[in-house]
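> just to be clear, the model below is a prediction. Sequence and coordinates:
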Amino acid sequence: MPKISVLGAGGWGMALAISAFNNGCEVTLWSPFENEVNALLEKRTNEKLLKDIYLPVGINITTDLSCVEGDTLTIIATPSIAVPEVAQKLKEYSNIGIVVNVSKGFQQGTLKRLSEVIAEALPDSPVVALTGPSHAEEVARNIPTSIVAASKSMAAAT
């Protein structure tokens, strides 16, 4: 069973966690905010972000970033301003698999694409940028959509 960590418990992170879980993956949803994790553990939803959508009980929720150890896939779904810091923290872990960035935007100051920032921090991990005309609420509800996966590694992107 593929092991996936989704870093960022906002709407997009929750939607991707639900989708991965529904497709047979072992999923952990990570947030650095203890109050956010506690609320998700208690209610399994965030009504402000994804109305009437609940996280399946089988999705783990944590503040412990070591959840990425042994991942097949690590998804970064944090706000763009947090991506460089999260990428640097991931350097502490030796086996995080393919890193998929779904955060939008550029690094402040350098205007580098976030996938570039991640690749610089994690040179031994294939990096994929996932983008497209999809919306979190549609993905969480399993409504068909389309996406584009871009990477220097064809194997990682597919």
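Happy to help now that I have it. Numbers count the residues shown, from 1 in each chain.

> most distant residue from the centre of the chain?
Going by CA atoms, centre = their mean, the residue of the chain most distant from its centre is residue 109, 23.5 Å out.

> for the nearest residue to residue 104 once chain neighbours are set aside, give me its contacts.
Excluding its sequence neighbours, the residue lying closest to residue 104 (CB to CB, 6 or more residues apart in numbering) is residue 80, at 6.1 Å. Bear in mind the C-beta positions are built from the backbone N, C-alpha and C, glycine included. By CB atoms under 8 Å, 6 or more residues apart in numbering, the residues touching residue 80 are 103-107, 114.

> and residue 80, how close does it get to residue 60?
Distance from residue 80 to residue 60, counting by CB to CB, to the nearest Å: 25 Å.

> can you check residue 50 too?
Distance of residue 50 to residue 60, computed by CB to CB: 18 Å.

> try residue 11
Residue 11 is 19 Å from residue 60, by CB to CB.

> same check on residue 76?
17 Å.

> who has more neighbours out of the two?
residue 76 (26 against 17; other CB atoms under 10 Å).

> bridging residues for that one?
Beta bridges link residue 76 to residue 7, residue 101 when assigned by DSSP bridges.

> of all the contacts of residue 80, which comes closest to residue 128?
Nearest to residue 128 among the contacts of residue 80 is residue 114, at 11.6 Å by CB to CB.

> my guess is that closest one contacts residue 107. True?
Yes: Residue 114 is within contact range of residue 107, at 6.5 Å (criterion: CB atoms under 8 Å).

> need the overlap of contacts for these two.
Common neighbours of residue 114 and residue 107 (CB under 8 Å, 6+ apart) are 80, 83.

> comparing these two, which residue is more hemmed in?
Using other CB under 10 Å, the more surrounded residue of residue 114 and residue 107 is residue 114, with 22 against 18.

> quick one: contacts of stretch 101-120?
By CB under 8 Å, 6+ apart, the list of residues contacting stretch 101-120 reads 8, 12, 16, 75-84, 87, 99, 127-131, 150, 152.

> and it, what's buried?
101-103, 107, 114-119 (16 or more other CB atoms under 10 Å).

> helices - which of those residues land there?
114-119 (DSSP state H).

> select, from these, the two members most distant in space.
114 and 119 (9.7 Å).

> hey, where'd the strands end up in the protein?
Using DSSP state E, the strands found in the chain span residues 3-7, 26-30, 60-62, 73-76, 98-101, 127-131, 148-151.

> quick one: average pLDDT of the fifth one?
Predicted confidence along strand 98-101 averages 98 (mean pLDDT).
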